[in-house]
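> Based on what follows, work out the 3D shape:
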Amino acid sequence: MTQTTTRVLGPGELGAALAILESEPVTNAFVTSRVQVAGLDPWRLGGEMWGWYADGHLRSLCYSGANLVPICATPEAVRAFADRARRAGRRCSSIVGPAEPTARLWRLLEPNWGPARDVRPNQPLMITDRIPADIEPDPHVRRIRKDEVDVIMPACVAMFTEEVGISPMAGDGGLLYQARVAELVGTGRSFARIDDGKVVFKAEIGAATDRACQIQGVWVDPEYRGRGLSETGMAAVLRYALADVSPVVSLYVNDYNTAARASYRRVGFREVGAFMSVLF
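A predicted model of the protein is given here:
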């Protein structure tokens, strides 16, 4: 009979955790990038890494921080992670991950944690490994300088509010969100086109490893939509990402955002799977 257990991983298990994370480099890019930088110490990582063991071997993971993220999680592991999450109580602002295990996890947690503010069951995961041949990258899209955080911040807040439905400035006054934006700018992963002091297009490389990176926060000022800036802007960000960061670029998008999905397809992205998000 298979013996299973679930526990918080310690720093000594970093190699085993990375082996699982790196087995699916695109899907796991967000958590992998954090673990590669911070290790498994909860204080540095910003959360705990739970491990599910079968017969003494680490098989599945679950990151428990601001997000709850099942990683390479089998149905048995999902049940174990759900039990642990129920006992601990909800501390996250969202559950997000590959659609199938995330849906299974939410079904188990919903009776205790529900209702959610929003459930997005199908968010296509898209990837590309090349710059489109028929779209000229916008030459005005560039990296944001450290002294331009105040310039990019209003666009970041507008994007977040439009996408998530609440302002990132609520709660702590936006301190954590502002720190995150500053981190992306400081590491050279924030890009924008600024015309006459106004951000008209922006995007960030939110997670980065040497095998895959993930673009997030794509936004065009409402007054400039419909002019093709999303395609030329994304082509410019792709140029930076593929040259400087990793050989594969990914993103995920809401299935109902047909305009964005069409735009990403024109830039060369193709759908390879789906994520799911549960927002509280």
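> Just the CA coordinates for the helix or strand hosting Ala19, please, in PDB.
Secondary structure from DSSP states H and E places Ala19 in helix 14-21. Provided in PDB are the C-alpha atoms of helix 14-21 (Å, rounded to 0.1, in the frame of the first residue of the first chain):
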ATOM      1  CA  LEU A  14      15.600  22.600  -2.800                       C
ATOM      2  CA  GLY A  15      17.100  20.300  -5.300                       C
ATOM      3  CA  ALA A  16      14.100  17.900  -5.200                       C
ATOM      4  CA  ALA A  17      11.600  20.800  -5.500                       C
ATOM      5  CA  LEU A  18      13.500  22.400  -8.400                       C
ATOM      6  CA  ALA A  19      13.500  19.000 -10.200                       C
ATOM      7  CA  ILE A  20       9.700  19.000 -10.100                       C
ATOM      8  CA  LEU A  21       9.300  22.600 -11.000                       C
END
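> Going by neighbour count, which residues of that helix are buried?
Buried residues in helix 14-21, counted by 16 or more other Cβ atoms under 10 Å: Leu14, Ala16, Ala17, Leu18, Ile20, Leu21. Using the backbone N, CA and C atoms, a C-beta is placed for each residue, glycine as well.
> just stretch 255-275 next, same as before
For stretch 255-275, burial by neighbour count (16+ other Cβ under 10 Å) applies to Ala260, Arg261, Ser263, Tyr264, Arg266, Val267, Gly268, Phe269, Gly273, Ala274, Phe275.
> repeat for stretch 200-220
Neighbour counts over stretch 200-220 (16+ other Cβ under 10 Å) mark 200-209, 212-220 as buried.
> So which of those residues are in strands?
Among the buried residues of stretch 200-220, the members falling in strands are 200-208, 213-220 (criterion: DSSP state E).
> Which one of the buried residues of stretch 255-275 is nearest to Glu100?
Of all these, Ala274 has the smallest distance to Glu100: 8.4 Å, by Cβ to Cβ.
> on that earlier part again, which members of the buried residues of stretch 255-275 are the farthest-apart pair?
Across these, no pair lies farther apart than Arg266 and Phe275, at 21.2 Å, counting by Cβ to Cβ.
> just to revisit the earlier point, next, format the buried residues of helix 14-21 as JSON lines and append distance to Val245 and pLDDT.
Formatted as JSON lines, the buried residues of helix 14-21 follow (distance: Cβ to Cβ, whole Å; pLDDT from 0 to 100):
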{"residue": "Leu14", "distance to Val245": "22", "pLDDT": "98"}
{"residue": "Ala16", "distance to Val245": "26", "pLDDT": "97"}
{"residue": "Ala17", "distance to Val245": "22", "pLDDT": "98"}
{"residue": "Leu18", "distance to Val245": "19", "pLDDT": "98"}
{"residue": "Ile20", "distance to Val245": "22", "pLDDT": "98"}
{"residue": "Leu21", "distance to Val245": "17", "pLDDT": "98"}
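> which residue ranges form the strands in the chain?
For the chain, applying DSSP E gives strands covering 4-8, 48-54, 57-64, 67-71, 94-98, 118-128, 142-143, 190-195, 198-208, 213-220, 249-252, 270-279.
> State the mean pLDDT of stretch 148-157.
The pLDDT scores in stretch 148-157 average 97.
> Using CSV, list the CA coordinates for that stretch.
Extracted in CSV, the C-alpha atoms of stretch 148-157 (Å, rounded to 0.1, in the frame of the first residue of the first chain):
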residue,chain,number,x,y,z
GLU,A,148,10.4,56.5,-14.1
VAL,A,149,8.5,54.4,-11.5
ASP,A,150,6.1,57.3,-10.9
VAL,A,151,5.5,57.5,-14.6
ILE,A,152,4.6,53.9,-15.1
MET,A,153,2.6,53.4,-11.8
PRO,A,154,-0.7,55.0,-12.9
ALA,A,155,-0.8,52.7,-16.0
CYS,A,156,0.0,49.7,-13.8
VAL,A,157,-2.8,50.6,-11.4
